[in-house]
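A.B. asks: Structure for the following, please:
(chains A and B)
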Amino acid sequence: MFLTDSDIQAIWLTIRLAMVVTFVLLIVGTPIAWWLAHSKSRLKGPFGAVIALPLVLPPSVLGFYLLLAMGPNGPVGHLTRALGIGALPFTFWGLVLASVFYSLPFMVQPLQNAFEAIGDRPLEVATTLGASRLDAFFTVALPLARPGFLTASIMTFAHTVGEFGVVLMIGGNVPGVTRVASVQIYDHVEALEYAQAHRMAAIMLIFSFLVLLALNVLRPDAFKMARRD
Amino acid sequence: MGLFKLLFATCFLLMATTAHAERITVAAAADLKFAMDEIVTGFNKIHSGDEVQVVYGSSGKFHTQIQQGAPYDLFFSADIGFPRELAKQGQSASEVKPYAVGRIVLWSAVVDATKMTLYDLTNPKITKIAIANPKHAPYGKRAEEALKAVGLWEKIQSKLVFGENIAQTAQYIQSGNTQVGIIALSLALNPELAKKGRYYLIPENLHNPLEQGYIITKRGANKPLAKKFAEYMDSKQVRGIMMKYGFALPAEKVGK
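C.D. replies: From the prediction side, this is the model:
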């Protein structure tokens, strides 16, 4: 076989992680992006900066803080233990939580841009036509922001797949649980298994290229659709 | 414009001052962290003006990096196999010299490990055990061998988490993220970790010896400072430091 069982396990785990993170961030990121796009609060600046932090922070910083926070003596660790979930480091859900933080700007920023581009006008029109605010959001804003959602989801998915430093810090390299594709490649290199490293690295390279290609092909179309509306 | 000139002059000055002193970079296995820090401090006292830089990491990674021309003048591996392989490929400018034999210990920051043995790892109260990645970290490999020797490897499989190297493994345990783990004796004896936890020495006969060796790389071949540092490794001070950190010295084992 071209790939070993543990390679396939790592790839499958990576896909699962990226899907769960994208799903969670769609739910968490949408209201945040909406608020950032429409709020006139003075907190908007600082809050936007906090959201963007993972863009500039070294993953090791994020990983280190998360490990301490989720550990038995950290605030998140206390909370998860009180809730009976147990400790999060070295678990799949620990990785999900970390990735949600790490990929947050990749979801929020494209959505915020999309919401800002729509502006207040269509929503005001909907409201005068008798739609409730929630109604207007789901029937007017969401369809108009569809290209934004597409971009945000693809970026979030791809960024989670590309994660390495944070996973290395809090993952503990457990097969099938936290040993994602990027870590698996690292292990192959460390163990001098260059042929296997090459195979997986090539898959990652092709995948990343296809994602960016898809973004480039899909986005102009999607934006045209939005304008036609 | 004035600022630009000043910057330029500063850069020039910096370059001029470093050009005189000799400078070498040492790649050292993570288990040497504290011992090597002390060795380098001692060496720098004698050779003031020159500079020895140390980079710590996993031996397997250094092996790959040196193959690819990494700027390291000496390579201290936790497993003598890595420098031996480099020497075979013509990447070494010296013979492969054994400098220590490492030991592994069960270490914990939350329970008293001196009262434990490997068999206590099956205790259901212990949910997570950290070891270095056996795939490429020599200490992880020995931990796996010891656990297999006592027939526990399969039983505790689901509790294991793997550190990238032995220092990260220690960090997992020290932060309380795992209750116990297997690390290098040299790390457990370091004051920083010694005040946070205690250890149980895993019997030597449960695993292959952790023979450690170093080489001067091809890159360090023409640097007198690299040779001086290698000579310094044989000094009484260094042997004292190595023993303090729980390394057995190879020469003494043979009975020289």
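A.B. asks: And residue 129, its phi and psi?
C.D. replies: In the absence of a named chain, this looks at chain A. As for A:Leu129, its main-chain torsions (degrees, to the nearest 10) stand at phi -80, psi 0.
A.B. asks: The intended chain is chain B.
C.D. replies: phi -130, psi 130.
A.B. asks: Around the nearest residue to it once chain neighbours are set aside, how many other residues sit close by?
C.D. replies: Leaving aside its chain neighbours, B:Ile129 sits nearest to B:Lys159 (4.8 Å; criterion: Cβ to Cβ, 6 or more residues apart in numbering or on different chains). (Each C-beta comes from the backbone N, C-alpha and C, glycine too.) Residue neighbour count, defined by other Cβ atoms under 10 Å in any protein chain shown, stands at 19 for B:Lys159.
A.B. asks: same question, the one 4 residues further on
C.D. replies: In terms of burial, B:Gly163 registers 28 neighbours under the definition other Cβ under 10 Å.
A.B. asks: measure it to A:Gly29 for me?
C.D. replies: Here the criterion is Cβ to Cβ, to the nearest Å. By it, B:Gly163 lies 32 Å from A:Gly29.
A.B. asks: how much space is there between the residue nearest to B:Ile129 and B:Gln179?
C.D. replies: Taken as Cβ to Cβ, the span from B:Lys159 to B:Gln179 is 9 Å.
A.B. asks: which residues are in contact with both of those two?
C.D. replies: Here B:Lys159 and B:Gln179 have B:Ile126, B:Thr127, B:Lys128, B:Ile129 as joint contacts, going by Cβ atoms under 8 Å, 6 or more residues apart in numbering or on different chains.
A.B. asks: Quick check, A:Phe207 in contact with A:Val161.
C.D. replies: Yes. The pair A:Phe207 and A:Val161 passes the contact test of Cβ atoms under 8 Å, sitting 7.0 Å apart.
A.B. asks: Which one's more surrounded, those two?
C.D. replies: Relative neighbour count places A:Val161 above the other of A:Phe207 and A:Val161, with 22 against 17, counting by other Cβ under 10 Å.
A.B. asks: Give me the nearest residue to the more buried one, chain neighbours excluded.
C.D. replies: Per Cβ to Cβ, 6+ apart, closest to A:Val161 is A:Ala18, 5.0 Å.
A.B. asks: Show me which residues of chain A are close to chain B?
C.D. replies: A:67-68, A:70-73, A:86-87, A:89-90, A:168, A:172-174, A:187, A:189-192 (Cβ under 8 Å from any Cβ of the partner chain).
A.B. asks: is it true that A:Ala145 touches A:Phe115?
C.D. replies: Yes. The pair A:Ala145 / A:Phe115 is scored as a contact, 6.0 Å apart, by Cβ under 8 Å.
A.B. asks: Neighbour count: these two, which is higher?
C.D. replies: Set A:Ala145 next to A:Phe115 and count neighbours by other Cβ under 10 Å: A:Ala145 wins out with 26 against 22.
A.B. asks: Look up phi and psi at that one.
C.D. replies: According to degrees, to the nearest 10, A:Ala145 has phi -90, psi 10.
A.B. asks: got a list of what it touches?
C.D. replies: A:Leu111, A:Ala114, A:Phe115, A:Ile118, A:Ala226.
A.B. asks: Filter these down to just the ones in helices.
C.D. replies: Residues of the contacts of A:Ala145 located in helices (DSSP state H): A:Leu111, A:Ala114, A:Phe115, A:Ile118, A:Ala226.
A.B. asks: State the distance from A:Leu55 to chain B.
C.D. replies: A:Leu55 is 25 Å from chain B, where distance means Cβ to the nearest Cβ, to the nearest Å.
A.B. asks: SS state for that residue?
C.D. replies: helix (DSSP: H, G, I helix; E, B strand; the rest coil).
A.B. asks: Quick check, pLDDT for the nearest residue to it once chain neighbours are set aside.
C.D. replies: Closest residue to A:Leu55 apart from its sequence neighbours, by Cβ to Cβ, 6+ apart: A:Pro105 at 5.2 Å. Reported pLDDT at A:Pro105 in the predicted model: 96.
A.B. asks: correct me, but A:Pro105 touches A:Ile51?
C.D. replies: Yes. Between A:Pro105 and A:Ile51 there is a contact at 5.6 Å, judged by Cβ under 8 Å.
A.B. asks: List the contacts of whatever residue of the stretch 51-200 of chain B ends up closest to chain A.
C.D. replies: Residue nearest to chain A within the stretch 51-200 of chain B (Cβ to the nearest Cβ): B:Val161, separated by 3.1 Å. B:Val161 makes contact with A:Phe90, A:Gly172, A:Asn173, A:Val174, B:Lys128, B:Ile129, B:Ala130, B:Ile131, B:Tyr172, B:Thr178, according to Cβ under 8 Å, 6+ apart.
A.B. asks: at 7 Å what do you get?
C.D. replies: Taking Cβ atoms under 7 Å, 6 or more residues apart in numbering or on different chains as the criterion, B:Val161 is in contact with A:Phe90, A:Gly172, A:Asn173, A:Val174, B:Lys128, B:Ala130, B:Tyr172, B:Thr178.
A.B. asks: any idea how far the last one lies from B:Ser59?
C.D. replies: Taking Cβ to Cβ as the measure, B:Thr178 falls 23 Å from B:Ser59.
A.B. asks: Next: B:Lys88.
C.D. replies: Counting by Cβ to Cβ - B:Lys88 and B:Ser59 are separated by 16 Å.
A.B. asks: more crowded one of those two?
C.D. replies: Taking neighbours as other Cβ under 10 Å, B:Lys88 and B:Ser59 compare with B:Ser59 leading, 28 against 10.
A.B. asks: does the more buried one really touch B:Ile80, like I thought?
C.D. replies: No. If you go by Cβ atoms under 7 Å, B:Ser59 and B:Ile80 don't touch, sitting 9.6 Å apart.
A.B. asks: circling back to that earlier point, who does the residue of the stretch 51-200 of chain B closest to chain A form a beta bridge with?
C.D. replies: B:Ala130 (DSSP bridges).
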